[in-house]
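[1] just a sequence and a predicted model for now, questions to come.
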Amino acid sequence: METQHGAASFWTQTDALFRKNLVFQKRRKKANCQILLFPIILVAVLVWLRKAFSTDSGQSKLFPPGYECSDVELAPNNENFTLCSIPSPREYPPLLHVPDSEYRAVATASLPFGDLPDGSCRKTNSCPATVLFTGSNKSFALDLAGRLFPRSPILNTSDILNGFADGVFGSSSVFDPDLNMYLDPAFSPENGPIYNLQRRCRRNSSSSIFVGSKGTKKDVKCIKGLRLWRNSSSEINDELFKGYLTGNPEKMANEIVAAYDLLNSNSKNFNVTVWYNSSMNKGSQGEKNSVMRVARSINLVSNAYLEFLLGANYKILFEFVKEMPKHPVLPEVADFISPFFNVFAIWIVLQLIPIILTNLVYEKQWNLRIMMKMHGLGDGPYWMISYVYFLALSSVYMLGFGASCSFLGLGSFTDHDYLLQFVFFSVYVNLQIAFSFLVSRMFSKVRTTSVVAYLIVFATGLVGKFFFQGKVDDPSFPRNLVTVMELYPGFALYRVFHEFSVKARESKLSHSRGMTWQDLSDRSNGMREVLIIMVAEWFVFLFVTYCLDNKNSIFCFRRKLNPSSPWTHFRASDQAEKADLVEEREKVEELLVQPNRSYPIVCDNLRKVYPGRDGNPSKVAVDGLSLALARGECFGMLGPNGAGKSTFIKMMIGLTQPSAGTAFVEDLNIQIDMKKVYTSMGVCPQHDLLWETLTGREHLLFYGRLKNLKGPALNRAVEESLGSVNLLNGGVADKQAGKYSGGMKRRLSVAISLIGDPKVVYLDEPSTGLDPASRKELWDVVMRAKRDRVIILTTHSMEEADHLCDRLGIFVDGRMQCIGNSKQLKARYGGFYVLTITTSPENENEVERLVSGRCPSANKTYNLSGTQKFDLAKNEVRIADVFSIVEAAKSKFTVQSWGIADTTLEDVFFRVASGAEAFNFI
Ligand SMILES: Nc1ncnc2c1ncn2[C@@H]1O[C@H](COP(=O)(O)OP(=O)(O)OP(=O)(O)O)[C@@H](O)[C@H]1O
């Protein structure tokens, strides 16, 4: 079936849709701002977080205010740390906070270090607070220890080395909100009370350090301290590595995870930061990776290795700053934000899902997809261009996100193989689009879609961080279950980000490369599985979406009616059919046997039953409609509200499936070949289906292209259409449809239905809301348009039906009651005159008596305040009789006014409708 111009090719439709989408997206200013601003805001927060934890100058914010050193710079190799003056050091230094006893370091099977106490101290709450020192300058370390506890009477080198110094940091500590710590105002060499406290501590425990823990003053207590010395960081590495190899790695990992959990739940008690140089120089890459993971956890378990603690006076702190470059401190600090980075990154990337979903659901909610389909847009171009369009949008978005993160030095983007990242993120955005296509089928309202989708995005970030990540890092959690969780694309993406950031941290600490292709063969990082899952799901989602979209053609091949269905037993002849309907039915049966091209529409016993819902019975909306419409005919469907007119049109345009029977449009069965039918069809639906942000001209250009109009022919057709529906004046054509009045929208809808010369046009109440002038113009358009096509028009305006329609059918309660042209119907159903006569109310009875005297079968149809209407059968009275009735009345009383009219279509309508007991009109 071809239009005059031939059906638009795949690429023509694609081109039309692409142009329309571009204009549509350009106009969605709010959505565009959101797309741009959301990542910018989140990236800005990330930058701020990063600065909060690690300033650009390389100095950790973990140092309290007042110890900031503005001109200290961290060289790329972390080696050259220059000393600077501290502008305004605080008078009182921060005190040391250490973990509660149960979290302090003890020797275990996996950490079998001789100088750590055994685990029994945990039972008695007597484990010492272990402080591990290392560095290139041992005497400096000893000096440091001395200064930490400056007034201890046993403070000397051997004390420090053989146990630890006693220390006392005053009982009159006050909380310093700036430092978020307790300070001891008594802490100065000159201050006397310190000695009392020292003694008290020494009395209670032989070798003790003071801990001013967070809380109230009574928390100030003395505890045992244990200082461990290692000659270098590599010594620590070796021990750890040995511990890993000789111990039970799984058990060790479990211990670390348990300790990590405890630490998390107690993190507020800590103000000791642990630095650990995890650069590895032994073992295979796989072993190194495993140890790195362990080491990363150990870093956070501050009771295992305390390599650094804040000094007790600013000079010492200052000295530490000098020492810091020996250790890879700053990258560690920066990596504290990694978990936030993953969550934020997830939110940023997943934000595309609601955007894609709302786009798709918008077209579904407003039936725009079906509207495009009805004007010839095939599924192929629709899905392809939608896919390409969202892919382009996602790619630009992801590139922008990646580039800004790299530019800001955030996250792990800069550390890894760029091609590897490109492949992972490309696969993911494709998966995300396919996922959105599939999920969009579950929604029908934009607002619900948007709310649900954003909630899911938000939840995915948090669940990923607080649940999924824990499972990934927990070696005791079954790997298969992790894989199952990764079937959800949000978690697959979380895993990718997680592994990239883990690797980035490891590479920073070990000064090695980030993730490369070789790392895909390392099973411990799970990247290969995630990639396989994402690729497989991408195809599966697309395939399932395709199947659901084409389920009729795939699963049914051809919609057949169930012979046992109660609906199929119905025949129109079950009702006592009138001659006109019988004749129409016979014509249909003849055409079914011998198709005739001059009848483009043949409806064969069409029936639609809406199933009952919520306890309501099912509703027969169209009941066995048989109809044959010839080319050049405008067929009018009349009927009261709820008669089934719109349902009939919905079946004809493919918005709903018939329950029984079928119809043929240009010999194509609407139950089977609806897609082909669409190429020769124009529709003006009852409710305007327009894109609020597109102009009238853009709508017509789009639908014109879909109908294969091109170049000058397209422009000419658009101009003519706009002119014919009076939308050219005052620049209305270039205003957005959302700003049109109801009448303008209606005219635009009619213009859309007629553009591209469709052979069959459905106009569902086209003149609703039009002013008389516009309605007249519209009628002219329809009159011109009907010449070479069939137009089916529903209307409540009898005048419109009389003016435009060659034939009319009156529908009541789902059934066609009569069919014929206006004259035939008037003759058949309207063989009467209508006499209207107005007198004073007291003379009403006399008027009625005079009328029934001349015309015994007269039917009073109206009576109000002296005005009465009578139907007078033409076979009983002549016009002269009517005059004599009036003359007789005038001779007896005053007749204020009177009139006689022939039957109108409206009279016919009322009569047919009331005859069918649809409603009472008297
Ligand atoms: N989706 C539906 N589910 C259930 N019943 C429906 C549905 N759509 C329509 N109906 C019912 O089917 C009957 C026919 O409705 P339809 O909209 O076709 O009438 P209509 O003649 O077009 O009315 P109007 O002139 O008011 O537009 C009505 O009783 C209506 O309530």
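    Received, thanks.
[2] next one: phi and psi at G654?
    phi 80, psi 10 (degrees, to the nearest 10).
[3] now E633
    Dihedral angles (degrees, to the nearest 10) for E633: phi -100, psi 140.
[4] just use 15 as the starting number from now, easier for me
    Sure thing, new numbering starts at 15, so read that last one as E647.
[5] let me know the pLDDT of it.
    Here, the pLDDT recorded for E647 equals 90.
[6] can you name the residues that contact the residue of the stretch 265-414 of the chain found nearest the ligand?
    Residue nearest to the ligand within the stretch 265-414 of the chain: N381 (13.0 Å; CB to the nearest ligand atom). C-betas here are computed from N, CA, C, even on glycine. By CB atoms under 8 Å, 6 or more residues apart in numbering, the contact set of N381 is L669, P699, L703.
[7] and it, its phi and psi?
    phi 60, psi 20.
[8] could you identify the helix or strand that succeeds the strand or helix carrying N444?
    Element membership for N444, per DSSP states H and E: helix 432-454. Once the chain leaves helix 432-454, the next helix or strand it forms, by DSSP H and E, is helix 460-477.
[9] picking that back up, gap between the residue of the stretch 265-414 of the chain closest to the ligand and S535?
    51 Å (CB to CB, to the nearest Å).
[10] pLDDT score for the residue of the stretch 265-414 of the chain closest to the ligand?
    The predicted local confidence for N381 is 78.
[11] same deal with the one 4 residues further on?
    Among the per-residue scores, M385 holds a pLDDT of 83.
[12] the residue lying closest to it once chain neighbours are set aside: what's it in contact with?
    Nearest residue to M385, sequence neighbours excluded (CB to CB, 6 or more residues apart in numbering): L703, at 4.2 Å. Going by CB under 8 Å, 6+ apart, L703 touches W380, N381, L382, M385, S763.
[13] now with 10 Å?
    Applying CB atoms under 10 Å, 6 or more residues apart in numbering, we find L703 in contact with 377, 380-386, 388, 697, 713, 759, 763, 766.
[14] export these to JSON lines and tack on secondary structure?
    JSON lines is the format used below for the contacts of L703 (DSSP: H, G, I helix; E, B strand; the rest coil):
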{"residue": "E377", "secondary structure": "helix"}
{"residue": "W380", "secondary structure": "coil"}
{"residue": "N381", "secondary structure": "coil"}
{"residue": "L382", "secondary structure": "helix"}
{"residue": "R383", "secondary structure": "helix"}
{"residue": "I384", "secondary structure": "helix"}
{"residue": "M385", "secondary structure": "helix"}
{"residue": "M386", "secondary structure": "helix"}
{"residue": "M388", "secondary structure": "helix"}
{"residue": "V697", "secondary structure": "strand"}
{"residue": "H713", "secondary structure": "helix"}
{"residue": "K759", "secondary structure": "helix"}
{"residue": "S763", "secondary structure": "helix"}
{"residue": "I766", "secondary structure": "helix"}
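[15] now, the most widely separated pair of these?
    Maximum pairwise distance among the contacts of L703 (CB to CB): 18.9 Å, between R383 and K759.
[16] please indicate which of the contacts of L703 are buried?
    Using 16 or more other CB atoms under 10 Å as the burial test, the contacts of L703 include E377, W380, R383, I384, M385, M386, M388, V697, H713, K759, S763, I766 as buried.
[17] I'd like the residues you listed as JSON lines, with distance to H810 appended.
    Output for the buried ones among the contacts of L703, formatted as JSON lines (distance: CB to CB, whole Å):
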{"residue": "E377", "distance to H810": "30"}
{"residue": "W380", "distance to H810": "24"}
{"residue": "R383", "distance to H810": "29"}
{"residue": "I384", "distance to H810": "24"}
{"residue": "M385", "distance to H810": "23"}
{"residue": "M386", "distance to H810": "28"}
{"residue": "M388", "distance to H810": "23"}
{"residue": "V697", "distance to H810": "19"}
{"residue": "H713", "distance to H810": "26"}
{"residue": "K759", "distance to H810": "18"}
{"residue": "S763", "distance to H810": "17"}
{"residue": "I766", "distance to H810": "22"}
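[18] and of the residues you listed, the nearest to D778?
    Using CB to CB, the buried ones among the contacts of L703 come closest to D778 at V697, 7.9 Å.
[19] state the distance from the closest one to A751.
    From V697 to A751 the distance is 16 Å (CB to CB).
[20] do the same with S490
    Taking CB to CB, one finds S490 at 60 Å from A751.
[21] those two: who's more crowded?
    More crowded of S490 and A751, by other CB atoms under 10 Å: A751, with 19 against 10.
[22] who's in contact with the residue nearest to that one when sequence neighbours are not counted?
    With CB to CB, 6+ apart as the criterion, A751 has its nearest non-adjacent residue at 4.3 Å, and that residue is L704. Neighbour list for L704: 380, 382, 385, 710, 713, 750-752, 754, 759, 762-763, 766 [criterion: CB under 10 Å, 6+ apart].
[23] next up, phi/psi of L704, please.
    According to degrees, to the nearest 10, L704 has phi -130, psi 150.
[24] per-residue pLDDT, it?
    Looking at L704, the pLDDT reads 90.
[25] the ligand contacts on the chain?
    Y624, K633, A635, G653, N655, G656, A657, G658, K659, S660, T661 (CB under 6 Å from any ligand atom).
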